[in-house]
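>>> Dropping a prediction and its sequence here:
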Amino acid sequence: MLPSGTVLDLFSGTSRVGYALKEAGYRVVANDVNQYAATIARCYVESDTEQVAHEAQQWLDRLQLLPGQAAWFTETYCVQSRFFRPENGARIEAIRNAIAAAELEPRLESVLLVSLMEAADRVDSTTGLQMAYLKSWAPRAANTLELRLPALLPRPAAGACEAWCLEAMDAAARFDGDLAYLDPPYNQHSYLGNYHIWETLVRWDQPEVYGIACKRTDCRERRSAFNSRPAFADAFRKVIKELRGKQLLVSFSDEGYLSRSALEEILNMHGQVEVLTRDHPRYVGARIGIHNQLGKKVGKISHLRNLEFLFMVRP
């Protein structure tokens, strides 16, 4: 497919794929059910440099000067838990309050929110995921929070891109495209749970929290069928059915709920299937190992590498 068509990215996550496709010249329709991910897509996929970069930089210059404002966010994520040092938590809180009060146009707001997320990520005390924080402060946590303009892209020749926050099946039924890219969750680990602080930072809703990591209570309630072994296959079939007639590119892992053969069986009903495999390091949590609530390492790491699959399906 030449870089003049439309690609649907139904599980956009951090939007790295959507961003690369936009940079290559495609029109991208990005979608994710989590609001933090949809905000990232609105920044990196939907927003164009020529639209928002100048005004966003002016806002970031002003927000950078705000003094800290410690309240609920600082108490929750710097005192009850230790994801950020209190001085950085208070500045995150002040900046987020200022963005909320401004009631900005959605694209501009998304750029400022992503700048704040990325700034917070550079001074957090985790291994990358927010399932837990480090027992001792990470060296970067002592750095000063710094807002930077996200690396926006100009509008591609193929046309204006879009970002949405829908269930994957609803997005599959709603949008047309020349190619659909699917990279669904493939095991029990919820992206909402992995990045619950970003969801709270975007929603700015002061949710009830639970556990040592102060996760949002809706991490328990907003369970995706794609994080359930019994429900995964049926949910995947329904999305594929809605995409009938489109070329598909499906990313999966040999650690997912479905085997390669089971996936091929489902995809063969859609069209001709070609498979590429790649040996890849396992996710960071698997490489760190399993620890109990006291921080003591328990059990053994079974393996450090896995196979990643790319299924190309032509109807």
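Arrived safely.
>>> Run through the residues that contact the closest residue to W137 other than its chain neighbours.
Nearest residue to W137, sequence neighbours excluded (Cβ to Cβ, 6 or more residues apart in numbering): S125, at 5.3 Å. Every C-beta, even on glycine, is put in place using the N, C-alpha and C of the backbone. Contacts for S125 were tallied using Cβ atoms under 8 Å, 6 or more residues apart in numbering; they are 82-85, 133-134, 137-138, 140-141.
>>> for S125, phi and psi?
S125 adopts backbone torsions of phi -120, psi 60, taken as degrees, to the nearest 10.
>>> And the pLDDT for it?
pLDDT for S125: 97.
>>> Can you tell me the SS state at T277?
strand (DSSP: H, G, I helix; E, B strand; the rest coil).
>>> With D254 as the reference, measure out to it.
Counting by Cβ to Cβ, to the nearest Å, the gap from T277 to D254 is 9 Å.
>>> Common neighbours of those two, please.
Common contacts of T277 and D254 (Cβ under 8 Å, 6+ apart): 307-309.
>>> ok, those residues vs D61, which is closest?
Among the shared contacts of T277 and D254, E308 lies closest to D61 (Cβ to Cβ), at 41.0 Å.
>>> Quick check: buried residues in the helix or strand containing the closest one?
In this structure, E308 is located in strand 305-314 according to DSSP states H and E. Buried residues in strand 305-314, counted by 16 or more other Cβ atoms under 10 Å: 306, 309, 311-313.
>>> same thing with stretch 93-101?
By neighbour count on 16+ other Cβ under 10 Å, the buried set for stretch 93-101 is 93-96, 99.
>>> what's the nearest residue to G193 once chain neighbours are set aside sitting at in phi/psi?
Spatial nearest neighbour of G193, excluding adjacent residues (Cβ to Cβ, 6+ apart): C219 at 4.6 Å. Dihedral angles phi and psi of C219 (degrees, to the nearest 10) take the values phi -60, psi -30.
>>> In contact with D183, which residues?
Contacts of D183 (Cβ under 8 Å, 6+ apart): 9, 11, 13, 17, 250-252.
>>> Which residue ranges of this protein form strands?
6-9, 27-31, 162-164, 179-182, 209-210, 215-216, 247-253, 272-281, 290-291, 297-298, 305-314 (DSSP state E).
>>> least reliable of those going by mean pLDDT?
For the strands of the chain, where the average pLDDT is lowest is strand 290-291, sitting at a mean of 56.
>>> My guess is V45 contacts K22. True?
Yes - in this structure, V45 is within contact of K22 by Cβ atoms under 8 Å, at 5.8 Å.
>>> Give the intersection of the neighbour lists for those two.
What both V45 and K22 touch, as defined by Cβ under 8 Å, 6+ apart, is the set 28, 161.
>>> Would you mind listing the buried residues in stretch 172-180?
So, applying 16+ other Cβ under 10 Å, buried residues of stretch 172-180: 172, 175, 177-180.
>>> Also stretch 226-241?
Applying 16+ other Cβ under 10 Å to stretch 226-241 flags 226-228, 232-233, 235-236, 239-240 as buried.
>>> And stretch 65-75, by the same measure?
68-70, 73-74.
>>> mind checking which of the strands of the chain is nearest P106?
strand 162-164 (9.1 Å).
>>> quick one: strands adjacent to the closest one?
In the sheet, strand 162-164 lines up against strand 27-31 (parallel) (DSSP bridges).
>>> who touches the strand it pairs with?
5-12, 15, 18, 21-22, 38, 41, 45-46, 156, 158-166, 168, 171, 175, 177.
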